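S.K.: Let me see the structure of the following:
(one chain, ligands or ions: 1)
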Amino acid sequence: MHAENTARIQEPASTALHAGHCSASSACRPRLRISFSGGRTSALMTRLCVERMSATHDILITFANTGCEHEKTLDFVNQCDKHFGWNVVWLESVFNMTRGKGVVSRVVSYETASRNGEPFEGYIQKNGLPNTMNPRCTDRLKEMCMDHYTHKIHGWKRGSYQTVIGIRADEIDRVNPDYKEKGFMYPLADWGYRKDDVKAALMAWPFDLELESEAYGNCTWCWKKSHRKLLTVAKNHPEHFDFPARMEAKYGTHRLSNEPSPRVMFRKNRTALDILEEAKEGNFREYSDNDYIAPQLFTFDMDYSIGCGESCEIGSSFSSQNSQAHSSAGLNDAPCSKSTHG
Ligand code: SF4
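M.R.: Numbering: from 1, shown residues only. As a prediction, the model looks like this:
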């Protein structure tokens with residue numbers, strides 16, 4: 001790590017890490033639930049938390065699989081788990097189609113984890129297609145799944161632990177404004193880690209996340225990603241759009257609300273097929289991790305993303321309700337129904 005980075009990065013304030021009722025009890029250690037998203041930032045955060053806190057804290061590490069992650073993301077989660085001995089609990093959401101019945105979790109493994117979007121399809125069957133006006137996929141596929149496991153299976157009561165989330169110091173705008181009440185903590189942000197620090201730290205690891213670029217992180221086709229990233233994925237690996245295209249065809253008119261026209265998933269009322277078509281035409285500059293987009297070159301239509309598309313984190317300011325608020329405030333670019341497609 002660069003010397004200046006080392007100087008800037010802060011050691012954790014231990015008092016900030018003590019959760020709920022356990023801090024005063026000698027029989028009960030503070031508890032941390034780490035939400036490992038499968039990205040580099042999240043991996044480094046998990047490693048640092050385990051190194052710095054496992055002697056004093058009980059730690060639970062979960063990874064919630066949507067079935068739409070890239071195979072190399074799953075490989076990376078598995079490599080981290082095996083190499084560092086984290087004992088990651090792999091989870092998937094299971095949806096009961098009865099109204100009022102919540103999400104439950106099931107424990108899977110690297111070997112048995114869904115690769116064909118089954119958990120995501122369960123979400124869509126129950127809730128309809130996600131889009132800027134219906135942005136609850138992180139909530140249902142990750143947060144509620146982890147909550148069910150933590151409370152009902154692992155036996156930690158709500159409020160007896162803190163949830164650790166991988167958001168860096170340079171992503172501070174993604175911190176959930178209600179983080180204290182929700183028991184969320186963001187140690188990498190607290191410790192001053194920025195993107196370059198994460199990159200530098202992982203260069204010393206014997207393996208890495210082998211995605212072609214960040215465009216392929218999280219759900220490969222995530223509707224929150226920038227249009228440039230989506231076009232890049234669609235041009236080079238159109239197979240990643242098979243799932244959203246199938247979901248739009250199957251569930252576009254299946255919804256709980258009285259929307260007047262088929263629901264679509266992508267911003268500006270684009271369908272998965274629209275994106276594939278535009279990608280085929282090729283009239284765009286592909287996304288690259290190495291590209292710095294100068295502010296004057298940033299175009300809203302191509303480069304705007306909703307934070308979660310960069311890293312699908314529970315407890316980010318762009319997950320669930322906050323994304324809805326973002327949309328309502330006009331920061332997303334259009335309601336997603338095909339009727340206004342131009
Ligand atoms: S926000 Fe994107 S990455 Fe997260 S669950 Fe939804 S589609 Fe997947």
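S.K.: just the helices in the protein please.
M.R.: 3-8, 40-53, 71-84, 118-127, 137-138, 144-148, 179-182, 187-190, 195-202, 227-236, 242-251, 272-281, 300-303, 320-328 (DSSP state H).
S.K.: Between these, which one is closest to the ligand.
M.R.: helix 137-138 (3.3 Å; CB to the nearest ligand atom). The way it works is simple: take the backbone N, C-alpha and C, and place the C-beta from them, glycine included.
S.K.: Need the winner for burial among the helices of the chain.
M.R.: helix 137-138 (a mean of 28; mean count of other CB atoms under 10 Å).
S.K.: Say whether the ligand is contacted by that helix.
M.R.: Yes: Helix 137-138 lies within reach of the ligand by CB under 6 Å from any ligand atom, at 137-138.
S.K.: helices or strands up against that helix?
M.R.: Helices and strands touching helix 137-138, as assessed by 3 or more CB pairs under 8 Å, 6 or more residues apart in numbering; DSSP states H and E, are absent.
S.K.: Low-confidence regions, the stretch 1-150 of the chain specifically.
M.R.: 1-27 (pLDDT under 70).
S.K.: Show me what from it comes close to the ligand.
M.R.: So far as CB under 6 Å from any ligand atom goes, the stretch 1-150 of the chain lies against the ligand at 66, 68, 130, 137-138, 141.
S.K.: and the two most separated of those residues?
M.R.: Distances among those were taken as CB to CB; the most separated pair is Cys68 and Thr138, at 12.3 Å.
S.K.: what's the domain layout of the protein?
M.R.: 3-10+20-202, 215-340 (automatic domain parsing).
S.K.: ok, back up a step: could I get the residues of the stretch 1-150 of the chain next to the ligand as TSV with distance to Gly282?
M.R.: Below are those laid out as TSV (distance: CB to CB, whole Å):
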residue	distance to Gly282
Thr66	29
Cys68	25
Pro130	28
Cys137	29
Thr138	31
Leu141	32
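S.K.: Any chance of CSV for the helices of the chain, columns distance to Thr163?
M.R.: Converted to CSV, these look like this (distance: least, CB to CB, whole Å):
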stretch, distance to Thr163
helix 3-8, 26
helix 40-53, 12
helix 71-84, 18
helix 118-127, 20
helix 137-138, 13
helix 144-148, 8
helix 179-182, 8
helix 187-190, 11
helix 195-202, 20
helix 227-236, 27
helix 242-251, 28
helix 272-281, 32
helix 300-303, 30
helix 320-328, 14
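S.K.: got a markdown table for the domains of the chain, with distance to Leu209 too?
M.R.: Listed next are those as a markdown table, based on distance: least, CB to CB, whole Å:
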| stretch | distance to Leu209 |
| --- | --- |
| domain 3-10+20-202 | 4 |
| domain 215-340 | 8 |
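S.K.: now for those domains, which one comes closest to Asp208?
M.R.: Comparing those by CB to CB, domain 3-10+20-202 comes nearest, at 5.9 Å.
S.K.: From the chain's centroid, how far away is that closest one?
M.R.: 9 Å (CA atoms, centre = their mean, to the nearest Å).
S.K.: which residue packs closest to Leu230, ignoring adjacent ones?
M.R.: Nearest residue to Leu230 in three dimensions, chain neighbours excluded: Ile275, at 5.3 Å (CB to CB, 6 or more residues apart in numbering).
S.K.: Might you report the residue contacts of that neighbour?
M.R.: 227, 230-231, 234, 241, 266 (CB atoms under 8 Å, 6 or more residues apart in numbering).
S.K.: Mind doing that once more with 10 Å?
M.R.: 221, 223, 227, 230-231, 233-235, 238, 241, 244-245, 265-266 (CB atoms under 10 Å, 6 or more residues apart in numbering).
S.K.: restrict these to contacts with the ligand.
M.R.: Trp223.
S.K.: Can you say which two of the contacts of Ile275 are spatially most distant?
M.R.: Every pair of the contacts of Ile275 checked by CB to CB; the farthest is Lys235 and Met265, at 18.4 Å.
S.K.: need the contact list for the residue nearest in space to the middle of the chain.
M.R.: Among the residues of the chain, the one closest to the centroid is Cys312, at 1.2 Å (CA atoms, centre = their mean). Applying CB under 10 Å, 6+ apart, we find Cys312 in contact with 37-39, 42, 64, 66, 69, 137-138, 141-142, 217-219, 222, 224, 318-319.
S.K.: measure it to Asp289 for me?
M.R.: 18 Å (CB to CB, to the nearest Å).
S.K.: what's the closest non-adjacent residue to Met97?
M.R.: With CB to CB, 6+ apart, the residue lying closest to Met97 is Lys126, at 5.9 Å.
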